[in-house]
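Q: Return a 3D structure for these sequence lines:
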Amino acid sequence: MSELPATVLLPLPSSGRRFTAARTVRLGDVDPSGQLRVDAVARYLQDVASDDAVDSGLSNALGWVVRRTMIRIERPPSVGERVRLVTYCTGAGRSWAERRTSIVGDQGSAVEAVSLWVHVDVATGRPVRLGDDFAAIYGESAGGRVVTSKLSLSGGPTSPAVTVPWTFRRTDLDPFGHVNNAAHWAVLEEVLQTQSASRCGLGEIEYVAPASADTPIQLVIDRNGQLDGQHDTVRRMWTLLDERVVTALRWTPSTA
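A: Numbers count the residues shown, from 1 in each chain. Okay, here's the model as predicted:
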């Protein structure tokens with residue numbers, strides 16, 4: 001039976017491939033307080049995934065796009081902190097795979113994440129089946145677990161919401177001409193910083209449709225709950241183009 005993707009933070013498997021990398025948190029990745037931004041966390045996840053695929057010798061190693069990501073920030077990394085990233089496969093489907101990543105810092109930071117990546121033809125951007133080499137490299141760590149490509153943040157805004165204009169920049173584009181997955185997390189980062197809210201919590205994002213630069217879109221933020229450090233409530237956000245959902249995002253603040 002197939003499971004919903006990127007909804008569970010599975011532990012490191014006892015066997016199979018795992019890839020480890022390290023990096024130092026730099027000034028360009030932090031907010032004014034020195035904490036690593038959420039969009040920078042997403043970029044770390046993207047980089048270590050690409051590095052793993054290339055290092056493994058996987059054919060079409062860079063032919064992947066993110067469909068859904070869940071990030072749990074227990075303690076944000078800080079500027080100057082050295083972090084260790086460990087990533088591994090936890091499931092697969094016909095043309096997609098689930099990837100878990102843990103980020104642990106030498107000053108006590110901790111971030112856990114899981115993403116659903118779709119395997120695509122780099123020339124056309126269309127999904128293609130996973131090859132035999134994928135099973136040979138990642139099959140053991142996946143352990144036969146099958147995940148679907150279904151999205152779970154269904155629907156668009158239904159409750160009272162605030163709507164503000166939003167525009168992605170050309171610097172946010174990826175090689176497919178679409179806004180890079182990490183750039184979409186800037187939506188949550190903007191809300192958290194505007195509300196002076198804690199960055200500890202659980203963020204989920206789903207990429208429903210591609211977005212382009214220089215195209216005015218709408219950022220819709222529901223009014224149910226407040227992110228002011230005094231309410232442990234869920235906040236939902238969407239980006240819309242001509243009333244069509246581009247991304248759906250949910251943020252659940254930490255209760256700790």
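Q: care to break this structure down by domain?
A: 19-142, 161-253 (automatic domain parsing).
Q: If you average pLDDT over each of the ones you listed, which is lowest?
A: Note on the domains of the chain: lowest mean pLDDT is at domain 161-253, with a mean of 86.
Q: Endpoints of that one, how far apart?
A: 19 Å (Cα to Cα, to the nearest Å).
Q: Same question for stretch 171-180.
A: One end of stretch 171-180 to the other measures 9 Å (Cα to Cα).
Q: before we move on, what about stretch 11-24?
A: This stretch, stretch 11-24, spans 24 Å end to end (Cα to Cα).
Q: Quick check: chain neighbours aside, which residue is closest to residue 133?
A: residue 59 (5.5 Å; Cβ to Cβ, 6 or more residues apart in numbering). Yep, even glycine has a C-beta here, placed from its N, CA and C like the rest.
Q: Residue 69 now?
A: Nearest to residue 69 is residue 115, by Cβ to Cβ, 6+ apart, at 4.3 Å.
Q: TSV please, covering the domains of the chain and showing mean neighbour count.
A: Converted to TSV, the domains of the chain look like this (neighbours: other Cβ atoms under 10 Å):
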stretch	mean neighbour count
domain 19-142	18
domain 161-253	17
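Q: which SS state does the nearest residue to residue 142 once chain neighbours are set aside fall under?
A: Among residues not flanking residue 142 along the chain, residue 89 sits closest, at 4.8 Å (Cβ to Cβ, 6+ apart). At residue 89, secondary structure determined by DSSP: H, G, I helix; E, B strand; the rest coil is strand.
Q: just to revisit the earlier point, direction included, what does the helix or strand the residue nearest to residue 69 falls within pair against?
A: Element membership for residue 115, per DSSP states H and E: strand 110-119. With DSSP bridges as the test, strand 110-119 is paired with strand 64-75 (antiparallel), strand 96-105 (antiparallel).
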